[in-house]
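*Asks:* structure here, sequence nowhere to be found:
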DNA sequence: CATGAATGAGTTTTCATTCAT
DNA sequence: AATGAATGAAAACTCATTCAT
């Protein structure tokens, strides 16, 4: 019911530089930002609405003015991260060049993006079950589309013979995204390796695992 | 402190009804079994003590007689699964033979074991944050020992030159166990592939990813 | 104090769209109409201001422009129905003719009128306690005037000897209006009997109950 | 789920006189008593669980130990009053003697009983709509059985010719019980007339209304 | 006239845990 | 070893109302 409405387009914007700062600090945005952090830190169920609104400096009523429920908050966080990841994958997959390069780029990019949004990743990892059944279906459908796109890159390489056909492509996808989703469980900012280095290693491992084995065929 | 007393294995069974059944169906065991199932299905926070004791057919008082708290239930579930996995890894790692074979066996075995205890895996994946800080430290330490052991197999292979040294061993370990932990998110009993086949594929992917690249060295 | 301003009946209608439609569909009228329906359906406390303004297609601000409060809505509904019933009774009581005929006409008419405004009756039956103490006093006073007028008809008949004096007139009034108020609890439009038939039966029962008993005097 | 359990029959009762006082003051009974009073005074929706438990001197948890919900409290109050009234009507209807005497006795008795349980009557009058749909069906079914029984007495008299056949029996029943239900709206203890006198008047009015009219047949 | 964001006090209900028996 | 009544704190959510614009 509650919808995140942007101000009607006809209202005259204040003169001067675009009010990026004030837009970023709008009440719903602040709520989403703090909810994301808290959900990632303590889990959805362990985070009370009270804590979220306190952190965002608003009242409960204000939150329920913008969001239907606590679940709605979670659903919107999910929607954002899924949209982001899908966009990036589509961009990478749409590039030209050898399929191995595209897979490498996609694999490395999803690692970097995941690390850049580690809170979202942590939430995605642990909190999907708290969504309503309907929302879960939506999320799963979106994730499936994502996986399908990635899988199509794998099968493309297998058909071309640049990837081994010894392992089903969907197993490869689940295998790799398991690793990626788990980044939030062990990665800590400021670690020995940069996100890009980890992305490189992960993509390397995936590509090497897919190298066709001359001995085995 | 309530303690989980297992009946001493050598003690003469009490007369009357068959001892095996009553040992397997002892109140604490029933409680643990139902708690495991419910925690996996609905998450720790969404499962009430009331539901657990109802499912196990006992009263709350009985539960609090055997367990200190709801958290204690979770901690004991964790302890059991960690013990189990460590035991299996130690067994496999202790075998003789080429290191690649041992890594393959360990990698495949952890997949099969995880699938055989999918509820435990689901709990481990999502519920660690519900443990007390102290328990979390314990669990993490135990897991670290497990990872260390697995990592030592990887470095052994790298030192021997049978595995590539291009990726740090601890990255490899996190990479692989991410995939394994994530099994509970997509595996469904009765799927197209048997647990053993999935284990084979996963181990194969790992081993292939570790193949030394003649071109790159 | 927000006041319900009805357009003065003689004032020239504003030019433009037809005035009749806009008068009938004026915002306060729409609000009252939808509030009446909702209060009757779900009760005063179970109906939120939000629902009322949504049904009427306006915003909360608009409602608070025309009405002081949610209670004010209820009070105005009450005021309307009381005014209506009093007007009708005064009309009937003021006719000439035998008192028995006037009582019959009044008794039958109040039934028909009540059925014609069943929502109002349902509200009157169940929601008086939600009014403020002051409003309750007003309503009760108005109702008492109504009952007094009806009672005066009864006593007139008793004094003339056409009605039995065996039952106090105020008991008769409460007896009869109990029946009438309760119409909203069982009457459904489209039932076997028409409102007029029910009015006839009710009035008949009252008149017969009041017949002087030759045996008992 | 929560059920009002009486202590297991095997428990040895304390010696001495039956613990009537303590039974009457059991927590669930106290809750029901105070809820009844408050619901009658202020209406179901205007009475908070907080007020009820405060009046009964227990905590909210205790209330939810014995009752499933606030609605359950209301449902149990309803169940009690329906049971009571049905029992009394069955007793009166089952007596022998002329049907007019039985109708008179039943009509007078229901007035006296209603006045003796005026709070219950007030609740029944105004709060049925707050019950869940399922409970409402139950209550309506029970009430229908009650009305059926009363109606059968009327038709019996009509068939015998001691009551007029000019008004359908079910109209008579609704007519009369409207009056009865409305007692809670105007009766005040300590009024001019005793409950028995009011019962007598009401029953008299009913019987007189039913007298066959020699002129009209 | 009318909007819609925001408030803050209030609602019912849940739940892990304790304790006398 | 086990019961079940009772607690008290906290949860999510609702709602009539206000107010700057």
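*Replies:* Thanks, I have it. Values in this document were obtained by computation on a predicted structure and should not be read as measured data. Residues are numbered from 1 along each chain as shown, chains lettered A, B, ... in the order given.
*Asks:* ok, whichever helix in chain A runs longest near DNA strand F or not?
*Replies:* Identified as the longest helix of chain A according to DSSP state H is helix A:133-160. No: Helix A:133-160 stays clear of DNA strand F (CB under 7 Å from any atom of the strand), getting no nearer than 12.6 Å. Using the backbone N, CA and C atoms, a C-beta is placed for each residue, glycine as well.
*Asks:* state the mean pLDDT of that helix.
*Replies:* For helix A:133-160, the mean pLDDT works out to 93.
*Asks:* buried sites along it?
*Replies:* For helix A:133-160, a neighbour-count test (16 or more other CB atoms under 10 Å in any protein chain shown) marks A:135, A:139, A:142-143, A:146-147, A:149-151, A:153-158 as buried.
*Asks:* just stretch A:29-47 next, same as before
*Replies:* Residues of stretch A:29-47 classed as buried: A:30-36, A:38-40, A:43-45, A:47 (neighbour count, 16+ other CB under 10 Å).
*Asks:* do the same with stretch A:71-86
*Replies:* A:72, A:73, A:74, A:75, A:76, A:77, A:78, A:81, A:82, A:85.
*Asks:* pull the residues that contact that stretch.
*Replies:* Residues from elsewhere that reach stretch A:71-86 (CB atoms under 8 Å, 6 or more residues apart in numbering or on different chains): A:2, A:4, A:31-32, A:35-36, A:39, A:44, A:52, A:63, A:67, A:110, A:113, A:117, A:120-121, A:123-124, A:127-128, A:130-132, A:135, A:139, A:142-143, A:145-146, A:149.
*Asks:* who in chain A is up against chain B?
*Replies:* With CB under 8 Å from any CB of the partner chain as the criterion, chain A meets chain B at residues A:42-43, A:45-46, A:125-126, A:129-130, A:164, A:166-168, A:171-172, A:174-183, A:185-186, A:193, A:198, A:201-202, A:204-206, A:208-211, A:213.
*Asks:* buried subset of those residues as a ChimeraX selection?
*Replies:* With 16+ other CB under 10 Å as the burial test, the buried ones among the residues of chain A next to chain B are selected in ChimeraX as follows:
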select /A:43,45,125,126,130,164,166,167,168,171,172,174,175,176,177,178,179,180,181,182,183,185,198,201,202,204,205,206,208,209,210
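*Asks:* what about the residues of chain A next to chain B, which are in strands?
*Replies:* Under the assignment DSSP state E, the residues of chain A next to chain B contribute nothing to strands.
*Asks:* cross-check the residues of chain A next to chain B against chain C and keep the overlap.
*Replies:* Okay, of those, nothing touches chain C (CB under 8 Å from any CB).
*Asks:* now for the longest helix of chain A, which elements pack on it?
*Replies:* Judged by 3 or more CB pairs under 8 Å, 6 or more residues apart in numbering or on different chains; DSSP states H and E, helix A:133-160 is in contact with helix A:70-94, helix A:99-116, helix A:169-181.
*Asks:* avg pLDDT for the longest one?
*Replies:* Okay, so that is helix A:70-94. For helix A:70-94, mean pLDDT is 93.
*Asks:* quick one, phi/psi of residue A:32?
*Replies:* The phi and psi values for residue A:32, taken as degrees, to the nearest 10, are phi -60, psi -40.
*Asks:* please report how far the nearest residue to residue A:95 once chain neighbours are set aside lies from residue A:152.
*Replies:* Closest residue in space to residue A:95, ignoring its immediate chain neighbours: residue A:102 at 6.0 Å, by CB to CB, 6 or more residues apart in numbering or on different chains. Using CB to CB, to the nearest Å, we find residue A:102 at a distance of 11 Å from residue A:152.
*Asks:* mind listing the shared neighbours of the two?
*Replies:* residue A:93.
*Asks:* in chain A, which residue sits closest to DNA strand E?
*Replies:* Residue of chain A nearest DNA strand E, by CB to the nearest atom of the strand: residue A:61 (2.1 Å).
*Asks:* give me the element that residue is part of.
*Replies:* When elements are assigned from DSSP states H and E, residue A:61 belongs to helix A:60-66.
*Asks:* check whether that helix comes near DNA strand F.
*Replies:* Yes: judged by CB under 7 Å from any atom of the strand, helix A:60-66 comes into contact with DNA strand F at A:60, A:61, A:64.
*Asks:* which one of those residues sits in the busiest neighbourhood?
*Replies:* Counting neighbours by other CB atoms under 10 Å in any protein chain shown, residue A:64 leads the residues of helix A:60-66 next to DNA strand F with 15 neighbours.
*Asks:* name the SS class of residue A:188, please.
*Replies:* Each residue gets one of three states, and residue A:188 gets coil by DSSP: H, G, I helix; E, B strand; the rest coil.
*Asks:* mind listing what it touches?
*Replies:* Applying CB under 8 Å, 6+ apart, no residues qualify as near residue A:188.
*Asks:* ok, back up a step: relative to helix A:99-116, how tilted is the longest helix of chain A?
*Replies:* Counting by axes from the mean of the first three to the mean of the last three CA atoms, to 10 degrees, helix A:133-160 lies at 150 degrees to helix A:99-116.
*Asks:* which non-adjacent residue is nearest residue A:92?
*Replies:* residue A:106 (4.4 Å).
*Asks:* from memory that neighbour sits against residue A:93, does it?
*Replies:* Yes: using CB atoms under 8 Å, residue A:106 is in contact with residue A:93, at 6.3 Å.
*Asks:* could you check which of those two has the larger neighbour count?
*Replies:* The residue with more neighbours, out of residue A:106 and residue A:93, is residue A:106; 23 against 17, by other CB under 10 Å.
*Asks:* up against DNA strand E, what does chain A have?
*Replies:* Applying CB under 7 Å from any atom of the strand, one finds that chain A approaches DNA strand E through A:5, A:27, A:58, A:59, A:60, A:61, A:62, A:64, A:65, A:66.
*Asks:* quick check: which of those has the minimum pLDDT.
*Replies:* Among the residues of chain A next to DNA strand E, residue A:5 carries the lowest pLDDT, at 40.
*Asks:* picking that back up, closest one of the buried residues of stretch A:71-86 to chain D?
*Replies:* Proximity of these to chain D (CB to the nearest CB) peaks at residue A:72, which lies at 25.6 Å.
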